[in-house]
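Novice: model the structure of this input:
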Amino acid sequence: ERHGHAAGDDILRQVAALVRQATRESDRIYRYGGEEIVVLCDGLAHRPALLTAERLRRRIATALSSAATPVTATVGVASAPVDGSDLASLLDAADGRLYAAKAAGGNRVAGRADEESGANVTRFPRREQV
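Specialist: The predicted structure follows:
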């Protein structure tokens, strides 16, 4: 937002290309909201999803950041069936983790608290249904 919509759109295109390179051909990638991207990885367990998200987070920072303009990614990860059995509940769980990770300073991956994970991964408890 600090650099204008055209610059933001360009960064989003570059991020999308990096996401496509870092994911499996069977994974589905969607733009979800202004700067949010959803990646559906059918059959990928939570721990591998966390590690994939962390590799992607690092790749984005390395490939797109400059000294003058750092580019970071904050990721919320949810997986079935623990986080939900339908798309809406999975998106809700991932979205809750995303916003909690942003509130914790951003530039991190957030997943379930009961999963072991790699570096710079923040574990947040599962959001309960209200």
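Novice: so where do the strands sit in the chain?
Specialist: Counting by DSSP state E, the chain has strands at residues 28-31, 37-40, 75-76, 109-112, 121-124.
Novice: out of the ones you listed, nearest to residue 21?
Specialist: Closest approach to residue 21 among those (C-beta to C-beta): strand 28-31, 10.9 Å. The way it works is simple: take the backbone N, C-alpha and C, and place the C-beta from them, glycine included.
Novice: quick revisit: is it possible to get CSV of the strands of the chain that adds mean neighbour count?
Specialist: Below are the strands of the chain laid out as CSV (neighbours: other C-beta atoms under 10 Å):
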stretch, mean neighbour count
strand 28-31, 12
strand 37-40, 17
strand 75-76, 24
strand 109-112, 26
strand 121-124, 18
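Novice: where among the ones you listed is average confidence lowest?
Specialist: Lowest mean pLDDT within these: strand 121-124, at a mean of 50.
Novice: for the one residue sitting closest to the centre of the chain, give its distance to residue 87.
Specialist: Taking C-alpha atoms, centre = their mean, the centroid of the chain lies closest to residue 75, which sits 2.6 Å from it. Per C-beta to C-beta, to the nearest Å, residue 75 is found 18 Å from residue 87.
Novice: by average pLDDT, which secondary structure element in this protein comes out worst?
Specialist: Using mean pLDDT, DSSP states H and E, strand 121-124 stands out as the lowest-scoring helix or strand of the chain, at a mean of 50.
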